Every structure is written in C-alpha cells, then in structure tokens.
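Asks: Sequence plus the predicted model coming up.
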Amino acid sequence: MNVYDVVRLIPKGRVTSYGAIAKYLGAPRSSRMVGWAMNASHNLTDVPAHRVVNRNGLLTGKMHFSDPNEMEDRLKREGVEIKDDKVLDFNRVYWDPSIELKV
DNA sequence: CCATTGACTTAAG
DNA sequence: CCTTAAGCCAATG
C-alpha cells in the first residue's frame, strides 16, 4: 500500500488530508512526504491529487497542477463546494482512510 | 555531510 | 477555524 493507492481510493466528492493518508500508511509524522510523493504523482494519470488537501481543507497544492484552477474545478464538479481555495463544510466531505478503510 | 526547503501537523493563544 | 512557533522526514544544493 502506498500513497497513490490510498488517494485512488478516495470516493468521489470527498477529500482527505495528507496527514490522514500518512497516518493510514503508518507514518503520522510524514505528512510532508505524502505531499512530496504527490508531487511526483504528476506522471500518473489515475491519481486524483485534487482530492487531497491539508488539514484545514485548504487547496494548498492547487498551484502545482498544470492549471491551478483545475483542482477546485474538479472538486466542484464532484459536488465539493470551494470558496477562497478552501473546502466548505470540510468536516462533512472529509474522508479519513484510517476510519473509512478501517480494517 | 551540513544547510535549506517544502502539496504538512500539532499545540498554544 | 485564525495566527505563531516548533517539529518532522526526505530530497536537493
């Protein structure tokens, strides 16, 4: 199991945080590495990096997309409301793998 | 090998 | 959820 696998498992219209993924992978303190790993995920096509935001629901990585607007646009298309580069009603759309994917 | 940097998190105010 | 400070881990210079 790696970062990309978890990201791929994120349901449509839901988002999660780097820390949550890191935690699920057994490295709760390696949230930055998750983000770093995502940076390398540009080569992969089926990795919905736009569904991964920081713990505040802020679209921190939007600028790393080919087009920054694409991230929030995709999320909006999935039913996630975005305002000021942040996910509205975050606690509702938040999808924690360590809970939802719980063994 | 040491220093800097970063798609981050947590704690305290 | 806003701000500031400190911690973390890996890649890069």
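Replies: That came through fine. Numbers count the residues shown, from 1 in each chain, chains lettered A, B, ... in the order given.
Asks: any idea how far DNA strand B is from the most centrally placed residue in chain A?
Replies: In chain A, the C-alpha nearest the mean C-alpha coordinate belongs to residue A:52, at 0.9 Å (Cα atoms, centre = their mean). As judged by Cβ to the nearest atom of the strand, to the nearest Å, residue A:52 and DNA strand B stand 6 Å apart. Glycine gets a C-beta too; all of them are placed from N, C-alpha and C.
Asks: Now residue A:74: closest residue in space that isn't a chain neighbour?
Replies: Sequence neighbours aside, residue A:50 is the residue nearest to residue A:74 in space, at 4.6 Å (criterion: Cβ to Cβ, 6 or more residues apart in numbering).
Asks: number of nearby residues for that neighbour?
Replies: Per other Cβ atoms under 10 Å, the neighbour tally for residue A:50 reads 22.
Asks: what does residue A:81 give?
Replies: So residue A:81, with other Cβ under 10 Å, has 13 neighbours.
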